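**Q** Mind looking at a prediction? Sequence and model below.
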Amino acid sequence: MWRQITGENPPTIPPTSKEYSEAGLPWFDYYDEKQTAVEGSETLSKLKSIVEKGKEKNDMPLPENESVINDYIIKIRKGLKKGQVREFRY
């Protein structure tokens, strides 16, 4: 889709958090303190992270991210009906 829309090859390195914020893109927040974490999957526990794969290849596949402060956060509410979209800015 990227190529069809822009006529260019997609970027190979994902944007850093700083670049993402500077582009004016929103961050999304979905947090419910009453929820518990989902148990891990035995199948997925066998997968290697991008960092692990990079170390195996002596490569740094992802750029380091700097902390950012962003005021453009969209909070996603829990309990919406199927197909319903509601969001608001902080």
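**A** Done, it's in.

**Q** for this structure, what spans make up the strands?
**A** For the chain, applying DSSP state E gives strands covering 27-29, 73-76, 87-89.

**Q** Can you name every helix or strand that the longest one contacts?
**A** It stands for strand 73-76. Using 3 or more C-beta pairs under 8 Å, 6 or more residues apart in numbering; DSSP states H and E, the elements in contact with strand 73-76 are strand 27-29, strand 87-89. Heads up, the C-betas are built off the backbone N, CA and C, glycines and all.

**Q** Neighbouring strands - and their directions - for the first one?
**A** When pairing is defined by DSSP bridges, strand 27-29 lines up against strand 73-76 (parallel).

**Q** send the alpha carbons of the partner strand over as CSV?
**A** Backbone C-alpha positions of strand 73-76 (Å, rounded to 0.1, in the frame of the first residue of the first chain) are rendered in CSV as follows:
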residue,chain,number,x,y,z
ILE,A,73,-2.7,11.2,23.2
ILE,A,74,-5.9,9.6,22.2
LYS,A,75,-7.5,7.5,25.0
ILE,A,76,-9.4,4.5,23.8
